[in-house]
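> could you look at this predicted model? Sequence included:
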Amino acid sequence: MAGASIKEVARHAGVSLGTVSNVLNRPDMVSPSTRQRVLDAIAELGYVRNDSARQLRAGQSRTIAIVVLDVTNPFFTDMVRGAEQVVEATGAMLIVCNSGEDGARERRHLELLEEQRVRGVLITPVGDGPQPHLEKLIDRGIPVVLVDRGTGRASRCSVAVDDVLGGRLAMDHLLDQGHRRIAYVGGPLSIAQVAERHAG
């Protein structure tokens with residue numbers, strides 16, 4: 001029986017709704033024989049718990065979102081893979097959103113994620129200017145971590161590479177190898193990370 005309700009499980013097992021709820025959420029509070037009867041009813045009826053309803057009541061889901069600029073960029077692919085490993089180890093799930101470097105699309109993603117009551121957001125935002133839509137999430141209690149961007153504020157969280165140091169280390173290595181005619185190939189200097197590597 002697909003789509004069985006928790007009431008049907010309780011009726012089938014001959015127990016109260018509270019007992020079924022305890023089996024699902026606090027199984028140690030139910031005697032082994034009653035617990036098995038409820039589990040058998042769940043299996044027979046094909047009951048699947050509605051976790052989204054439970055999360056909505058709690059005001060928070062078991063999902064964490066990551067919003068990247070371009071899912072085809074190997075940098076972001078590796079970042080998503082690492083984040084997913086950490087998130088799954090906590091029993092949560094990672095949702096990946098691609099802004100496509102479009103500010104309007106990024107805002108739509110964040111609005112939907114807020115409606116889904118995500119537990120937190122990792123984001124490489126479009127642009128380096130003020131981010132009022134991110135501030136709104138933070139003000140509503142949703143943790144936000146900027147990735148590959150600085151926040152400019154001690155009270156905000158970010159994870160970023162020291163690109164100036166990276167550029168300097170690369171140059172030092174080439175100089176230590178005896179190279180003196182060195183070319184720098186990078187993207188446009190209007191991109192902060194490229195400019196910082198060049199400066200290093």
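Noted; the coordinates are in hand.

> I'd say Ile91 and Thr63 touch.
Just so we're on the same page, residue 91 is Gly rather than Ile. No - the pair Gly91 / Thr63 is not scored as a contact, 11.1 Å apart, by Cβ atoms under 8 Å. Using the backbone N, CA and C atoms, a C-beta is placed for each residue, glycine as well.

> Ala83 - how many residues pack around it?
19 (other Cβ atoms under 10 Å).

> dump the residue contacts of it.
Ala83 makes contacts with Ile64, Ile66, Leu94, Leu122, as judged by Cβ atoms under 8 Å, 6 or more residues apart in numbering.

> and the contacts of stretch 124-132?
67-69, 76, 99, 101-103, 106, 134, 146-149, 192.

> and Gly91 and Thr63? which has more neighbours close in?
Thr63 (18 against 7).

> and that one, what are its bridge partners?
Beta-bridge pairing of Thr63 under DSSP bridges involves Met93.

> again with Leu122
Bridge pairing for Leu122 - DSSP bridges - gives Ile66, Val145.

> how many neighbours does it have?
22.

> ok so, going back, taking the contacts of stretch 124-132 one by one, which sit in strands?
Secondary structure defined by DSSP state E assigns Val67, Val68, Leu146, Val147 of the contacts of stretch 124-132 to strands.

> for the residue nearest to the third one when sequence neighbours are not counted, helix, strand, or coil?
Here the nearest residue to Leu146 in space, its sequence neighbours aside, is Ser158; by Cβ to Cβ, 6 or more residues apart in numbering that works out to 4.0 Å. When states are read from DSSP: H, G, I helix; E, B strand; the rest coil, the local structure at Ser158 comes out as strand.

> circling back: between the contacts of Ala83, which is nearest Leu169?
Lowest distance from Leu169 to those (Cβ to Cβ) belongs to Leu122, with 26.1 Å.

> I'd assumed Ile66 was in contact with the closest one.
Yes - the pair Leu122 / Ile66 is scored as a contact, 4.3 Å apart, by Cβ under 8 Å.

> shared neighbours of the two, anything?
In contact with both Leu122 and Ile66: Ala83, Val147, using Cβ under 8 Å, 6+ apart.

> which parts of stretch 105-123 are buried?
Buried residues in stretch 105-123, counted by 16 or more other Cβ atoms under 10 Å: 106-107, 109-110, 113-114, 117-123.

> next: stretch 180-199.
Applying 16+ other Cβ under 10 Å to stretch 180-199 flags Gln193, Val194, Ala195, Glu196, Arg197 as buried.
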